[in-house]
Every structure is written in C-alpha cells, then in structure tokens.
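K.L.:
compute the structure for the input listed below.
(one chain, ligands or ions: 1)
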Amino acid sequence: MRYASHVADLVGATPLVRLSSVIGATADRGPIRATVLAKVEYFNPGGSAKDRIARSIVDAAERDGLLRAGGTIVEATSGNTGVGLALIALQRGYRMVFVVPDKFDGPKVATLRAYGAEVVVTPTSVPPEHPESYYSVAARLAREIPGAFNPNQFANQNGPRGHYESTGPEVWADTDGRVTHFVAGIGTGGTISGTGRHLKEVSEGRVRVIGADPEGSIYSGGEIHSYLVEGVGEDFLPSTFDPAVVDGYERISDAESFAMTRRLAREEGLLVGGSSGMAVVAALRVAEGLGEGDVVVVLLPDHGRGYLDKLYDDGWMTAHGFDVPGAASATTDQAG
Ligand code: PMP
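P.N.:
Sure thing, here's the model as predicted:
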C-alpha cells in the first residue's frame, strides 16, 4: 500500500505545467518561442507555497529547542502562512494562535479557524509600532503564552532555506537542469531568495532570476503606494529577501495581474491567486526576448479559491475600476 501517514507529509513535489494559451501572440507582442512552465504550488496540502516554509521553520525550531511538546505557535499572518503552520502544528500537536489585521477578516480567517486555530483580529488602520497593530499583538502574545514560539516569517532564515532545500532542487530535477530563467513574486522574499540561490549554485550562475513586483512596492523601485494584489510587494526590506540573488525586476500593475489571473483560470484551467497572474505577466515579458531553447519557470504561489469574491468577481473588478473583458464571450484576447 502507498499512503502518507499525515497530510502534512505531502508538502512539496509540486508539478510543472506548461503554459500554452496565454503565451500566444497578442496585440502588443509576437508569439513566445521559449518554453514557459508554471510550478503550481496549490498542489501543496495547504494550497500554497507557504506550506514549505512552515515545515522548514518548525523543523528548525524543534532542532534548536525553541518549540517543545505542548508548545504554541504564534504568528502574525493573514492566510497562507497560517494554513501551512496550522497543518504542521496539527501533525505535531502544537496549539496555534494567529494574529490577523481586520482587512483580511473573511474567508481566509474562516479557513484558519476551520483548521482549529485561534485567531485574534486586530485593527488594520494603525502603524506597526502601535500596541494594537498585528505585529505588536503577535509579539506580546509570544511573550505572554508559556512555551510560545513566534516564527516571524519576515525575519526567519529557515523560510528561504525551505525553498533552497525543496523548491530549487525540484525545479532543477524536473527540468533536467534545462531551466534558464526563474520568475517569482516577492513578499517575504523567501521563495525567490531560496529557490534562486539554489538554481544559481547548481547551474554555476547560468540561471537568471527575475522578481515580479506590484506597482507601488519597494523592491522594483519607484513610487511606494497601495495596490490590491495580495501576498507580494512590501514597503520595507525584510531580512528574508536577498537582493544579490535577483538579476532584474518586472513591475506589474494590478490591472495586468488580475487580467492574467483570470485568463489562467479560463484558458489554462489554473484557478490561482492574483500574485500568480502577476508572476506570469512578468514571465511572459522575460520570455518575449528568448529563443526556443530557453526554459522559463514561473512559480504560482497559491490557489484561487480565496479570491472568488475579489478578482474573480465581475462586480468587484468593475467597482475597483478594472476592465472585465468578454464577460459574455468566451474569447478573451486582451493584451496581458
Ligand atoms: N503570493 C502569495 C499569495 C503569498 O501569500 C506570498 C507570501 N507572502 C507570496 C506570493 C510571496 O512569497 P514569498 O513570501 O516567499 O516572497
């Protein structure tokens, strides 16, 4: 018999899926000749790439004696990292407390509660240093709860390490070492720093690493302002991000990210989150100048189910000023 002893043992080993429809020629550019492969992270048991860092962070905390039997995991997270940590905590018998800003109260918080986690909701409209901010509340709970461990995904180097040890080797093995470009969005920077570093080492520097960044975020430079794509971009530089790994950036608007995300669902059958569409827009910009021998791997971080009432909802899109092309027709050929 072939089975896992726990669903948390199924983290990683996600598949590569070749993109076909969305790489076709558009009004803005010709057809793409390079092979573009999507690494579909929603195949992880918690539905996102964050399962990987949850595992590597908890493994390291146990090794270092920071987390012991009966301990509590306390983290400020609005979603994917919480789900990943909840899975690992369930497997290993830890209590979990998540601190979430109220702007994320909704299906993501309901998901955390469904896994049996305790969720503390804090006001969004206060600065990080305010005692009521989700950073401050998480830090306080981590101090007050006996046996608490605070993973702090924006400063924990075991996050990028998880990608260095799993995502990178998977991409290399599944492309038979033919990957030439790796494209990913940047939130904590763990994905791009860990995966990118591994791919650069094994390819002796040949693989190019490109960061996809929302317009308004700090990584790609330019003006800092708010944006709607979730999970990527920052207004500060987290220590989990290693800029030395990144060869270049593509700066993507919300409109482009959401249009491409919807195309991925309708044309490729990939129901993914908005940061996946953003990464694919960046990957296609990169692939545009490449030839047939090039292999671009783009990482799609999470599932689209959490965004059905947002970017997949025509009313939400229109209310936020985005075009909803071809709502009545099946052919969506807009530039991407
Ligand atoms: N997309 C989504 C939906 C995410 O939740 C995250 C993590 N914040 C990212 C992309 C970026 O990943 P990383 O933190 O590894 O840079």
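
K.L.:
surely Y164 touches T195?
P.N.:
Yes. Y164 is in contact with T195 according to Cβ atoms under 8 Å; the separation is 7.1 Å. Placement of C-beta: from N, CA and C, glycine included.

K.L.:
so which residues on the stretch 101-250 of the chain come close to the ligand?
P.N.:
Counting by Cβ under 6 Å from any ligand atom, the residues of the stretch 101-250 of the chain lying close to the ligand are G185, I186, G187, T188, G189, G190, T191, E230, G231, V232.

K.L.:
mind giving me the PyMOL command for buried ones among these?
P.N.:
Restricted to buried positions by 16 or more other Cβ atoms under 10 Å, the PyMOL selection for those reads:
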select buried, resi 185+186+187+188+189+190+191+230+231+232
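
K.L.:
just checking, which of the residues of the stretch 101-250 of the chain next to the ligand belong to helices?
P.N.:
The helices, defined by DSSP state H, take in G190, T191 from those.

K.L.:
now, which of the residues of the stretch 101-250 of the chain next to the ligand lie within strands?
P.N.:
Secondary structure from DSSP state E places G185 of these in strands.

K.L.:
and R68, which of the three is it?
P.N.:
Following DSSP: H, G, I helix; E, B strand; the rest coil, R68 is assigned to coil.

K.L.:
apart from its chain neighbours, what residue comes closest to the closest residue to the ligand within the stretch 201-336 of the chain?
P.N.:
Nearest residue of the stretch 201-336 of the chain to the ligand, counting by Cβ to the nearest ligand atom: G231, 2.5 Å away. Nearest residue to G231, sequence neighbours excluded (Cβ to Cβ, 6 or more residues apart in numbering): S275, at 4.8 Å.

K.L.:
does whichever strand or helix holds the one you found reach the ligand?
P.N.:
For S275, the host element (DSSP states H and E) is helix 274-288. Yes. Using Cβ under 6 Å from any ligand atom, we find that helix 274-288 touches the ligand at S275.

K.L.:
who does the next helix or strand after that helix pair up with?
P.N.:
Next helix or strand after helix 274-288 toward the C-terminus (DSSP H and E): strand 295-300. Looking at strand 295-300 with DSSP bridges, its partner strands are strand 35-40 (parallel), strand 181-185 (parallel).

K.L.:
so L16 bridges to which residues?
P.N.:
For L16, the beta-bridge partners are K39 (DSSP bridges).

K.L.:
deepest in the core, which of the strands paired with strand 295-300 is it.
P.N.:
Highest mean neighbour count of these: strand 181-185, a mean of 30 (counted as mean count of other Cβ atoms under 10 Å).

K.L.:
coming back round to it: what is the helix holding S275 packed up against?
P.N.:
Under the contact criterion of 3 or more Cβ pairs under 8 Å, 6 or more residues apart in numbering; DSSP states H and E, helix 274-288 touches strand 35-40, strand 181-185, strand 208-214, strand 248-252, helix 254-268, strand 295-300.

K.L.:
dump those into JSON lines; add mean pLDDT as well.
P.N.:
Formatted as JSON lines, the helices and strands packed on helix 274-288 follow (pLDDT from 0 to 100):
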{"stretch": "strand 35-40", "mean pLDDT": "98"}
{"stretch": "strand 181-185", "mean pLDDT": "99"}
{"stretch": "strand 208-214", "mean pLDDT": "98"}
{"stretch": "strand 248-252", "mean pLDDT": "98"}
{"stretch": "helix 254-268", "mean pLDDT": "98"}
{"stretch": "strand 295-300", "mean pLDDT": "99"}
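
K.L.:
circling back: could you provide the strands paired with strand 295-300 in TSV, with additional columns for distance to I145?
P.N.:
Below are these laid out as TSV (distance: least, Cβ to Cβ, whole Å):
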stretch	distance to I145
strand 35-40	36
strand 181-185	32
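
K.L.:
where along the stretch 101-250 of the chain do the helices fall?
P.N.:
107-114, 134-144, 158-162, 168-174, 190-202 (DSSP state H, counting those that start in this stretch).

K.L.:
contacting residues for the nearest residue to P238 once chain neighbours are set aside?
P.N.:
Nearest residue to P238, sequence neighbours excluded (Cβ to Cβ, 6+ apart): F154, at 4.1 Å. Applying Cβ atoms under 8 Å, 6 or more residues apart in numbering to F154 gives the contacts T188, P238, S239, T240.

K.L.:
excluding its backbone neighbours, what's nearest the third one?
P.N.:
For S239, ignoring the flanking residues on the chain, the nearest one in space by Cβ to Cβ, 6+ apart is A155 at 5.1 Å.

K.L.:
what is the neighbour count of the one you found?
P.N.:
Other residues near A155 come to 12 when the count uses other Cβ atoms under 10 Å.

K.L.:
just the pLDDT for it.
P.N.:
The confidence metric pLDDT takes the value 95 at A155.

K.L.:
distance check, it against G190.
P.N.:
As judged by Cβ to Cβ, to the nearest Å, A155 and G190 stand 11 Å apart.
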